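the following comprises the amino acid sequence and a computationally predicted model.
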Amino acid sequence: MVSAYLVRLSGERGLSERTVAAYAEDLQRFANWMQTLPRPLDWLQVRAEHVRAFVAAEHRGGLSGKSLARKLSALRSFFDDLIRDGRIGANPARGLRPPKSARKLPSVLDADQLAGFLQLPEDDPLAIRDRAMFELFYSSALRLSELTALRWEHLDAGAGLLRVLGKGNKTRIVPVGSVALAALAAWRTLQQPANDTQAMFTARGEQAISTRNVQARLKTWAQRQGIWQRLHPHLLRHSCASHVLESSGNLRAVQELLGHADIATTQIYTHLDFQHLAKVYDAAHPRARKTSS
């Protein structure tokens, strides 16, 4: 029953081997759990209360809401398949939601850390390119995929604006700071693009730099400069959002800068802002710190 379903996932629906393996693992975990019950079940006997009990047991065992959501998705898909085959009449996993996980706050670098990191050599062609990439990343809070898709025609250097194609093929216009513009000008002089349709950041010739290459360059420069915090491209995006919100308090502007469709997604940065406020308060307020006994 399960084996035939997994074969259909791979053949008819064209899912990757990795995805099929994940579904198989999740279904096997539920099958093992069914056999631990006082009255073991088979797949055709499963009811909503059984799925609910399984989710509760997994949650008590330490699984996160994200992992439980994946397991529920696998179960829903499998039971839908049984409905199509006429084996069951209703999906016992339909409508069940996993417990919410605590939302992890994105890491950020403070302004001084970023300023130090961005001081790359000025006599190395790769360093000039990399500095332009990182400065633009931080200046305009870009996503990695947005950065690697940029062409020179997307930049209006005179106005200090950049046209970005974001998620869902939605275009937004973002500002570019003077430091990033200067770094871009230095890189363009060195690169000498054939025309404005050429990729802004290239690895070889006119070929656009890959996302993996950007990640590797960021890691390389962090290690060279003795920064052992895990530096990933989105850290620059998160840092920009946090610093703009910290200085302006304008959540709606940060939403537009990041290209978030829902402001609820942007609101996670308010927690970072409150963390900053708490640190300042603890350091400055005469009654903030506990007195030693």
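Structure's in. What do you need?

so which strand or helix has residue 137?
Assessed by DSSP states H and E, residue 137 sits inside helix 125-140.

pull the CA atoms of that helix into CSV?
Below are the C-alpha coordinates for helix 125-140, written out as CSV (Å, rounded to 0.1, in the frame of the first residue of the first chain):
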residue,chain,number,x,y,z
PRO,A,125,40.1,42.6,-8.5
LEU,A,126,38.1,39.9,-6.7
ALA,A,127,38.0,42.0,-3.5
ILE,A,128,36.7,45.0,-5.5
ARG,A,129,33.9,42.9,-6.9
ASP,A,130,33.1,41.3,-3.6
ARG,A,131,33.0,44.6,-1.8
ALA,A,132,30.5,45.9,-4.3
MET,A,133,28.4,42.8,-3.9
PHE,A,134,28.4,42.9,-0.1
GLU,A,135,27.9,46.7,0.1
LEU,A,136,24.9,46.5,-2.2
PHE,A,137,23.5,43.5,-0.3
TYR,A,138,23.7,45.4,3.0
SER,A,139,22.7,48.8,1.5
SER,A,140,19.5,47.5,-0.1
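
low-confidence stretches in this structure?
101-109, 228-229, 245-251, 253-254, 259-293 (pLDDT under 70).

please, where are all the strands along this protein?
Ranges of strands in the chain, per DSSP state E, are 155-156, 161-165, 171-175, 202-204, 207-208.

highest average neighbour count across those?
Counting by mean count of other C-beta atoms under 10 Å, strand 161-165 has the highest mean neighbour count of these, with a mean of 18. C-betas here are computed from N, CA, C, even on glycine.

can you tell me the closest non-neighbouring residue to residue 2?
residue 27 (5.5 Å; C-beta to C-beta, 6 or more residues apart in numbering).

what of residue 28?
In space, residue 28 is closest to residue 2, 7.9 Å off (C-beta to C-beta, 6+ apart).

pretty sure that neighbour sits against residue 26.
No: in this structure, residue 2 is not within contact of residue 26 by C-beta atoms under 8 Å, at 10.7 Å.

so for those two, which residue has more residues nearby?
Neighbour comparison, residue 2 and residue 26: the larger count goes to residue 26, with 20 against 15 (by other C-beta atoms under 10 Å).

neighbours around the residue nearest to the more buried one when sequence neighbours are not counted, how many?
Once flanking residues are discounted, residue 26 sits nearest to residue 74: 3.9 Å by C-beta to C-beta, 6+ apart. By other C-beta under 10 Å, the residues close to residue 74 number 21.

then residue 31?
The burial count for residue 31: 13, using other C-beta under 10 Å.

can you check residue 184 too?
For residue 184, using other C-beta under 10 Å, the count is 24.

skipping adjacent residues, who's closest to it in space?
Nearest to residue 184 is residue 132, by C-beta to C-beta, 6+ apart, at 5.0 Å.

distance check, residue 24 against residue 6.
6 Å (C-beta to C-beta, to the nearest Å).

hang on, I meant residue 71
Counting by C-beta to C-beta, the gap from residue 71 to residue 6 is 15 Å.

for residue 235, same thing?
The value you get for residue 235 to residue 6, if C-beta to C-beta is used, is 38 Å.

higher neighbour count, those two?
Between residue 235 and residue 6, residue 235 has the larger neighbour count (other C-beta under 10 Å), namely 20 against 16.

how's this protein carved up into domains?
Structural domains annotated on the chain: 2-84, 111-282, as defined by automatic domain parsing.

most centrally placed residue in this protein?
residue 234 (7.1 Å; C-alpha atoms, centre = their mean).

wouldn't that one be in contact with residue 144 here?
Yes: Residue 234 sits in contact with residue 144 when judged by C-beta under 8 Å, with a separation of 6.9 Å.

ranges for the helices of this protein?
Remark: helices assigned in the chain by DSSP state H are 2-11, 17-34, 48-60, 65-84, 111-117, 125-140, 144-148, 178-191, 211-224, 233-248, 251-258, 263-266, 268-284.

buried ones in the fifth one?
Neighbour counts using 16 or more other C-beta atoms under 10 Å place 114, 117 of helix 111-117 among the buried residues.

name the residues that touch that helix?
109, 134, 138, 221-222, 225, 227, 231, 236, 239, 243 (C-beta atoms under 8 Å, 6 or more residues apart in numbering).

let's have the residues you listed in a markdown table, adding distance to residue 60 and neighbour count.
Below are those laid out as a markdown table (distance: C-beta to C-beta, whole Å; neighbours: other C-beta atoms under 10 Å):
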| residue | distance to residue 60 | neighbour count |
| --- | --- | --- |
| 109 | 37 | 20 |
| 134 | 44 | 24 |
| 138 | 42 | 25 |
| 221 | 44 | 19 |
| 222 | 39 | 17 |
| 225 | 44 | 14 |
| 227 | 39 | 15 |
| 231 | 36 | 21 |
| 236 | 38 | 28 |
| 239 | 37 | 22 |
| 243 | 40 | 22 |
